[in-house]
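> can't give you the sequence, but here's the structure:
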Ligand SMILES: Nc1ncnc2c1ncn2[C@@H]1O[C@H](COP(=O)(O)OP(=O)(O)OP(=O)(O)O)[C@@H](O)[C@H]1O
């Protein structure tokens, strides 16, 4: 089997975080959304990013995946500084991770298999049969090998999310970014997706950074949760979800984790 990874992360020392953010400030023109944000994510961790509407979750994700340039600060992915890289070096860093977006993840004009093959055509020199073979393996990893020739519109919402994850896995990334994976899914399908994320993270030592506000998901998948706040323009809490819920001194944090408890009691 050819090595399809465009660059190896094996050279990153185990102690080195796979994602490191230092004094990151994100702004749209004069509108500063996040100021001097710093955190690190070790290899194999599932980190969820949460917080109220408009606090900057998507903004942070877009900066981490290079869709937006920071006003200031630095981002390292798998030991390489994204914020200092241009051209080919930047493209190589961007190929170390996979992304699955909330909406519009799959191209409707292509089959599920062709969607998963796409990053392989863009970033590797594999020939067509090899690309197909790798893509079929990725579909198997998410339980969709029987749906390779379907159009995305023929799949259920949960299956589309899994296909998007298969495409995010195509280049054997070290890091996967997911934007609201549970959005629009019923609780059972959402739980199945959570189980898939956990299985992939444990089996492949994948690092996941997941934007979500679904408590059930957060408590199932997150090793740690990072909570942003709009007024603070930054992080107000980082830690294990149960510890944040039970012991965090900031009522904004405990309220977030305990919402719904009153109505369930
Ligand atoms: N492309 C953009 N141009 C200008 N301002 C933007 C842009 N994208 C986001 N913003 C602003 O940045 C702030 C943070 O938005 P962002 O979408 O990151 O928040 P969020 O936490 O993801 O919110 P939600 O949970 O509602 O999706 C908001 O005030 C928003 O209006």
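Happy to help now that I have it. On a predicted model such as this, the values are computed, not experimentally measured, just so you know.
> what helix or strand is the residue nearest to residue 100 when sequence neighbours are not counted located in?
What sits nearest to residue 100 in space, not counting adjacent residues and going by CB to CB, 6 or more residues apart in numbering, is residue 164, at 4.0 Å. Heads up, the C-betas are built off the backbone N, CA and C, glycines and all. Residue 164 is located in helix 157-169, with elements delineated by DSSP states H and E.
> buried set for that helix?
Within helix 157-169, the residues scored as buried using 16 or more other CB atoms under 10 Å are 158, 159, 160, 161, 162, 163, 164, 165, 166, 167, 168, 169.
> nearest to residue 87, of these?
Closest to residue 87 out of those is residue 168 (23.6 Å), distances taken as CB to CB.
> which residues does the spatially closest residue to the closest one that is not a sequence neighbour contact?
Distance criterion CB to CB, 6+ apart; nearest residue to residue 168, sequence neighbours excluded, is residue 98 at 2.9 Å. With contact set as CB atoms under 8 Å, 6 or more residues apart in numbering, residue 98 has these partners: 119, 165, 167, 168, 169, 170, 171, 173, 175, 176, 177.
> and those as TSV, adding distance to the ligand?
Formatted as TSV, the contacts of residue 98 follow (distance: CB to the nearest ligand atom, whole Å):
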residue	distance to the ligand
119	25
165	20
167	22
168	19
169	24
170	26
171	26
173	22
175	19
176	18
177	13
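> next SSE downstream of the helix holding residue 164?
strand 175-179.
> circling back to that earlier point, wasn't the residue nearest to residue 168 part of a strand?
Yes. Residue 98 forms part of a strand when assessed by DSSP: H, G, I helix; E, B strand; the rest coil.
> may I have the beta-bridge partners of it?
Beta bridges link residue 98 to residue 176, judged by DSSP bridges.
> near the ligand at all, the helix or strand residue 225 falls within?
Following DSSP H and E, one finds residue 225 within strand 224-229. No. Figure legend: strand 224-229 not in contact with the ligand (CB under 6 Å from any ligand atom); closest approach 6.7 Å.
> strand partners of that strand, parallel vs antiparallel please.
Sheet pairing for strand 224-229, using DSSP bridges, gives strand 46-50 (parallel), strand 234-239 (antiparallel).
> quick check: mean pLDDT of the shortest one?
The average pLDDT for strand 46-50 rounds to 96.
> give me the contact list for that strand.
Residues external to strand 46-50 that are found in contact with it (CB under 8 Å, 6+ apart): 41, 57, 60-61, 197-198, 201, 207-213, 217-218, 221-228, 241, 256.
> 6 Å instead?
The contact list for strand 46-50 (CB atoms under 6 Å, 6 or more residues apart in numbering) reads 41, 57, 201, 208-213, 218, 221-227.
> now swap in stretch 170-188 and tell me
4-6, 9, 18, 61, 65, 78, 95-102, 116, 119-120, 123, 138, 157-158, 161, 168, 190, 193, 206-212, 214, 217.
> could you pull up the mean pLDDT of it?
Stretch 170-188 shows a mean pLDDT of 90.
> chain center to that stretch: distance?
How far stretch 170-188 lies from its chain's middle: 6 Å, per CA atoms, centre = their mean, to the nearest Å.
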